[in-house]
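pasted the sequence and its predicted model underneath.
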Amino acid sequence: MNLFFYPFTMEDAYRTLEKPADGLFRDRNSRFLAFGFPVENLDQVNDILAMARKKYHDAKHHCYAYRLGYKKEIFKMNDDGEPSGTAGKPIYNQILAHDLTDILVIVVRYFGGTLLGTGGLIHAYKTAAGDMLQKASIIQKYIEDCYHLSFPYEKLNAVMKILKDEELVVLKPLYGQHCSLQVLIRQSSSSRVTQKFSLLKEINIQMVN
């Protein structure tokens, strides 16, 4: 039996899939095809579900679970006609076991003619989802705030040094006699980094809503 333990991530960090992944489990001629997708909102979830139902239209069940948001507050489980609690919940429990969010997991079942029973279904959906997640590339992302910086050209080198030292992502740069740009700063570092910019003087820095 494989036991998973993932330490709690920092408040501004979360784990998700880097890219789509798939897995497979077979039991008494039934096939359980598992698919995982990184998603950011319900529109993406619904689009992918519609695509899966169309692509695998001949499958008996399209069961799924998802969790959204870095606070992991949005989630849903769906058994799609399987006995209550035998499909969506074991899929969702695999998401929990791997401490993931911004993820959709679909398990498509092709019925093999033999009833598996409640325990067999729970095991099958859990194992299919687990197989996919074992193969998936899981990454850690960070919650970032966006800040707007404006400053005279004379401060450009000093600003660029901080940008390089902190490895900040720069958006919408505009360099001239008066420069402006936007940067993404990890939440846990925002106070320290914005203070570094403020110490340069003649730097105006404001959070972008």
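Ah, there it is. Numbering: from 1, shown residues only.

scan the protein for its longest helix.
Criterion DSSP state H: the longest helix present in the chain is helix 117-135.

ok, residues contacting that helix?
2, 21-25, 27, 30, 32-36, 63, 82-83, 85-87, 89-91, 93-95, 97-98, 100, 105, 107, 109, 116 (C-beta atoms under 8 Å, 6 or more residues apart in numbering). Any C-beta I mention is one placed from the backbone N, CA and C, and that applies to glycine too.

next SSE downstream of it?
strand 138-142 (DSSP states H and E).

what's that following strand in contact with?
If you take C-beta under 8 Å, 6+ apart as the criterion, strand 138-142 is touched by 9, 12-18, 98, 100, 102, 186-187.

out of those, which are buried?
D12, Y14, R15, T16, L17, H98, L100, D102, R186 (16 or more other C-beta atoms under 10 Å).

in those residues, find the pair that's most separated.
Largest separation among the buried ones among the contacts of strand 138-142 by C-beta to C-beta: H98 and R186, giving 22.6 Å.

in this protein, which helix or strand is least confident?
In the chain, no helix or strand scores lower on mean pLDDT, DSSP states H and E than strand 169-174, which sits at a mean of 91.

how about the helix or strand just after that one: buried residues?
Following strand 169-174 in sequence order, the next helix or strand is strand 178-186 (DSSP H and E). Residues of strand 178-186 classed as buried: C179, L181, Q182, V183, I185, R186 (neighbour count, 16+ other C-beta under 10 Å).

the closest residue to the second one other than its chain neighbours: neighbouring residues, count only.
Excluding the flanking residues, the one nearest L181 by C-beta to C-beta, 6 or more residues apart in numbering is P173, at 4.2 Å. Residues contacting P173 under the criterion other C-beta atoms under 10 Å number 12.

check contacts around P173.
C179, S180, L181.

any idea which element the closest residue to V208 other than its chain neighbours lies in?
Distances taken as C-beta to C-beta, 6+ apart place C146 nearest to V208, at 4.2 Å, with adjacent residues excluded. Using DSSP H and E, C146 sits in strand 144-152.

and that strand, how far out from the chain's middle?
From the chain centre to the centre of strand 144-152 is a distance of 26 Å (C-alpha atoms, centre = their mean, to the nearest Å).

would you mind writing the CA trace of the very next helix or strand once past it as PDB?
Moving toward the C-terminus from strand 144-152, the first helix or strand encountered (DSSP H and E) is helix 156-165. C-alpha atoms of helix 156-165 as PDB (Å, rounded to 0.1, in the frame of the first residue of the first chain):
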ATOM      1  CA  LEU A 156      16.800  52.500 -14.000                       C
ATOM      2  CA  ASN A 157      20.000  50.700 -13.200                       C
ATOM      3  CA  ALA A 158      19.100  50.500  -9.500                       C
ATOM      4  CA  VAL A 159      15.600  49.300 -10.200                       C
ATOM      5  CA  MET A 160      17.000  46.700 -12.700                       C
ATOM      6  CA  LYS A 161      19.400  45.400 -10.000                       C
ATOM      7  CA  ILE A 162      16.500  44.700  -7.600                       C
ATOM      8  CA  LEU A 163      14.500  43.100 -10.400                       C
ATOM      9  CA  LYS A 164      17.400  40.800 -11.200                       C
ATOM     10  CA  ASP A 165      18.300  40.000  -7.500                       C
END
